[in-house]
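# Need coordinates for the following:
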Amino acid sequence: MNDKNVVSVNYHRTGKSTNTNELGMRAMQARVYEKRNSKYLLVKAPPASGKSRALMFVALDKLANQGVKKVIVAVPERSIGRSFKNTDLTSYGFYEDWVIDPYYDLTAGGSTGSNVKRFGEFLNNPDAKVLICTHATLRFAYEEVADDAKFNDILLAIDEFHHVSAADNSVLGTALKNIMHNSSAHILAMTGSYFRGDSQPILTNEDERQFDKVNYSYYEQLDGYQYLKSFGIDYKFYQGTYLDALGKAIDTDKKTIIHIPNVNSAESTKDKYEEVGHIEDAIGEFLEKDTETGIDYVKRYSDGKVLKVADLVTEDGRDKVQAYLRNMSSADDLDIIIALGMAKEGFDWPWAEYALTIGYRGSLTEIVQIIGRVTRDSSNKTHAQFTNLIAQPDAKDDDVMVAVNTILKAITASLLMEQVLAPELKLKSSSTKGRQTTGNNKADGVIFVKGLKEPSTERTKDIIENDFPDLKAAILQDTKVQEAMAIKAGADIINKVLIPKVIMEQNPDLTDEEIEEVRQYTIAELALKQAETQITTGSNGDDKKFLRMADKFINVDDLDINLIESVNPFQRAYEVMSNNIDSKTLRLIQQTIDAKKVDFSESELAILYPQIKEFVAENKRYPDKESDDELEVKYAYALAKIRDLKMRRNATNGR
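Presented below is the predicted three-dimensional model:
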């Protein structure tokens, strides 16, 4: 298999991020522990950085020293509960181990009803200290308890916080807000997805400001790994069906996670069970399914080696498979996972080294989560790989190259923990006072649309002017909307039923009139965006999906970076390759991004530069953009701008 990648990131392997201090904490965990006294804490850190253990340290300190009596940990799905199993901390320097009473590990089994009942028991049991549950259990239990005061003196920790906000904000978002305002609960929110449209849309600006934040970048984490030294991304395009291309895309020598396409997508055969069979046929000869564990045994064609395959697609027996995955202890326990919607957020299989994702993924958050499954540090790998197998777009090769390069820049920026969102065009009513133009005209990023009424309330005005990124993300990620678009349902159903429903779920305080105003502006912007990118809804609409993705990211077009090196044959189509990206290049990309965040005139930079030099001399370090000191942050961005200007002038003079 060709190991050349669309993006190949090489890291220093300093071991810094995996080395521990005298308390047994890695770099990110120590950074979180420094803010352990914060009542509300939001941790934004990449997969594999150790967020689970960071929570353990903070939770144990709150139980011992801060008057917190109980800890509730909520995870998106049961399989992630294993990340919070009993953990030895004292052997590495901490004063107490993390111990879970299995009776209160609600991710291990049980029905929704029984788990909600046990959740209530936990709240009323003065001796019970820690409970692990799913987001769904927390949501249902909150409705059952119906008393915010029950959460007094409790630490509520929400893992994969962005997932909660995207999926459950109409109920759990309200619950979180009520618990914050009506109880003495502490909140610890953790997320590995750091995009504004996903991280915390359930919080008002007022509530968000109450959170202390810890940010830890993907680059900081991977640069300090002990074993993993490179990471690659590859886009492979195919013709026909993806089943015909599997043989060239699967590498059975690597510990692999395969995600098949959504059944509503154009890439799907519509029979997910048959697809699992085809994948196993591409791997080798199916031998048997272990009746105790649910694991499939498949004999590889090339040498007869028997591979262990976990089928997370088939519902029958999936509980057995999940139980097996929870208890794995070595690389030899499993070779391949086949999944549909599982094994993404928070899933922990440290030995995984290759993620093969089949079909277009419109969410950068989802891509980053999948990448995170294979970028954990482990002694069995020095290279991790993400490959996206996509139907060849019905478009000119040059257009595809532009789209790929845009996506690569967005992913690279995400490795640096940057927010990557679509450029936002502000919509205005054509009757706006003071405007001297007619018709649809762009001016300073504003588009005037005939027929739109001015927002009648400050609430709708705020949503239209400030919250559109979050709202559009929620609409485009809504399952019902996606299904309606996939089957090409009528515009009336999408525009007048499904979109208003999402608007109402996102903003339950709106009146019917306010919902209608927001609906009109939303539909106008979505229609405008569709027209501008020439995305059709006819027979070729599905073929344009990959190109559509490139239109969703903010500021990447402003980054003067070309990551594409060549185009090579693959199956009956091609794969796109890029230049390698090493740690030096990542720093330059970070510098380029930072240089565009704040506008400085050259005269202002001339004034600031001596001040920056004085700061460096006094503090023996460069200014930090994550500092709590606003002046230091200004220095940091000014320095990035100065360096970027110097680099560009040197490049120009060298031509």
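# Go through stretch 210-226 and flag the buried ones.
Neighbour-count burial for stretch 210-226 flags 211, 214, 216, 217, 218, 219, 220, 221, 222, 223, 224, 225 (criterion: 16 or more other CB atoms under 10 Å). The way it works is simple: take the backbone N, C-alpha and C, and place the C-beta from them, glycine included.
# Give me the average confidence score over it.
For stretch 210-226, the mean pLDDT works out to 79.
# for stretch 631-646, same thing?
Computed over stretch 631-646, the average pLDDT equals 89.
# Show me the shaky parts of the stretch 151-300 of the chain.
162-171, 193-205, 219 (pLDDT under 70).
# switch to 80 and redo it
Applying pLDDT under 80 to the stretch 151-300 of the chain flags residues 160-174, 192-209, 217-225, 229-232, 263-267.
# circling back to that earlier point, out of the buried residues of stretch 210-226, the closest to residue 365 would be?
residue 218 (13.2 Å; CB to CB).
# Pretty sure that closest one sits against residue 44.
No: counting by CB atoms under 8 Å, residue 218 stays clear of residue 44, with 10.6 Å between them.
# coming back round to it: which ones among the buried residues of stretch 210-226 are found in helices?
Judged by DSSP state H, the buried residues of stretch 210-226 include 218, 219, 220, 221, 222, 223 as members of helices.
# And for the nearest residue to residue 314 once chain neighbours are set aside, the neighbour number?
The spatial neighbour of residue 314 that comes closest, neighbours along the chain excluded (CB to CB, 6 or more residues apart in numbering), is residue 273 at 5.9 Å. A count of nearby residues for residue 273, using other CB atoms under 10 Å, gives 11.
# any idea which element residue 273 lies in?
Assessed by DSSP states H and E, residue 273 sits inside helix 272-283.
# Now do the buried residues in the next helix or strand after that helix.
Past helix 272-283, further along toward the C-terminus, the next helix or strand under DSSP H and E is strand 284-289. By neighbour count on 16+ other CB under 10 Å, the buried set for strand 284-289 is 284, 289.
# same thing with stretch 366-381?
366-378, 381.
# what about it, start to end distance?
23 Å (CA to CA, to the nearest Å).
# likewise stretch 307-324?
End-to-end span of stretch 307-324 (CA to CA): 15 Å.
# pLDDT of it, averaged?
Per-residue scores along stretch 307-324 average to 93.
# circling back: using CSV, lay out the ones in helices among the buried residues of stretch 210-226 together with distance to residue 92.
Formatted as CSV, those follow (distance: CB to CB, whole Å):
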residue, distance to residue 92
218, 25
219, 26
220, 21
221, 19
222, 22
223, 22
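# wait, which of those residues is closest to residue 86?
For these, the minimum distance to residue 86 (CB to CB) is 24.8 Å, reached by residue 221.
# check contacts around the spatially closest residue to that closest one that is not a sequence neighbour.
Distances taken as CB to CB, 6+ apart place residue 49 nearest to residue 221, at 4.6 Å, with adjacent residues excluded. The contact partners of residue 49, by CB atoms under 8 Å, 6 or more residues apart in numbering, come to 17, 26, 28, 192, 216, 221.
# Equivalent analysis for residue 174, please.
Contacts of residue 174 by CB under 8 Å, 6+ apart are residue 508.
# secondary structure class for it?
Here residue 174 is recorded as helix under DSSP: H, G, I helix; E, B strand; the rest coil.
# Need the contact partners of the helix or strand where residue 631 lies.
Taking DSSP H and E as the criterion, residue 631 maps to helix 630-653. The contact list for helix 630-653, computed with CB under 8 Å, 6+ apart, reads 588, 591-592, 594-595, 597-598, 600, 604-605, 608-609, 611-612, 615, 622-627.
# And for stretch 51-61?
Taking CB under 8 Å, 6+ apart as the rule, stretch 51-61 contacts 23, 25-26, 28-29, 32-33, 36, 41, 43, 45, 68, 71, 73, 83-84, 87, 89, 94-96, 98, 130, 155, 157, 159, 188, 190, 192.
# Repeat the analysis, applying 6 Å as the threshold.
Applying CB atoms under 6 Å, 6 or more residues apart in numbering, the external contacts of stretch 51-61 come out as 29, 32-33, 36, 43, 45, 71, 83-84, 96, 98, 155, 157, 190.
# Show me the two of those residues that sit farthest apart.
Largest separation among the contacts of stretch 51-61 by CB to CB: 45 and 96, giving 22.8 Å.
# ok, which stretches of the stretch 351-500 of the chain are strands?
354-358, 383-391, 426-429, 442-443, 446-449 (DSSP state E, counting those that start in this stretch).
# my bad, should have said the stretch 501-650 of the chain
Using DSSP E, counting those that start in this stretch, the strands of the stretch 501-650 of the chain run over 564-570, 573-578, 580-582.
# Counting neighbours, what do you get for residue 92?
14.
# Pull the contacting residues for it.
Taking CB under 6 Å, 6+ apart as the test, what residue 92 contacts is residue 24.
# quick one on the thing from earlier: okay, buried residues for the helix holding residue 631 please.
632, 633, 634, 635, 636, 637, 638, 639, 640, 641, 642, 644.
# Make JSON lines from those and add distance to residue 335 to it.
Output for the buried residues of helix 630-653, formatted as JSON lines (distance: CB to CB, whole Å):
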{"residue": "632", "distance to residue 335": "49"}
{"residue": "633", "distance to residue 335": "47"}
{"residue": "634", "distance to residue 335": "52"}
{"residue": "635", "distance to residue 335": "51"}
{"residue": "636", "distance to residue 335": "46"}
{"residue": "637", "distance to residue 335": "47"}
{"residue": "638", "distance to residue 335": "51"}
{"residue": "639", "distance to residue 335": "48"}
{"residue": "640", "distance to residue 335": "45"}
{"residue": "641", "distance to residue 335": "49"}
{"residue": "642", "distance to residue 335": "51"}
{"residue": "644", "distance to residue 335": "46"}
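# what stretches of the stretch 1-150 of the chain score poorly on pLDDT?
1-20, 46-48, 79.
# Domain-wise, how is the protein divided?
By the assignment in automatic domain parsing, the chain contains the domains 17-218, 224-416+553-583, 426-542, 597-653.
# next one: the last one to chain centre, how far?
Going back to what we said before, that points to domain 597-653. Put simply, domain 597-653 sits 30 Å off its chain's centre (CA atoms, centre = their mean, to the nearest Å).
# and that domain, how far apart are its ends?
Start-to-end, domain 597-653 (CA to CA) is 25 Å.
# Am I right that residue 103 sits in a strand?
No: counting by three-state DSSP, residue 103 is located in no strand; its state is helix.
# Let the chain start at 33 from now.
Okay, residue one is now 33; in that scheme the one you just asked about reads as residue 135.
# Count residues in the vicinity of it, would you?
13.
# What distance do you get for it to residue 352?
Using CB to CB, to the nearest Å, residue 135 is found at 22 Å from residue 352.
# swap in residue 517?
Taking CB to CB, one finds residue 517 at 35 Å from residue 352.
# tell me which residues of stretch 327-345 are tucked away?
Residues 327, 328, 329, 330, 339, 340, 341, 342, 343, 344, 345 are the ones in stretch 327-345 that count as buried (16+ other CB under 10 Å).
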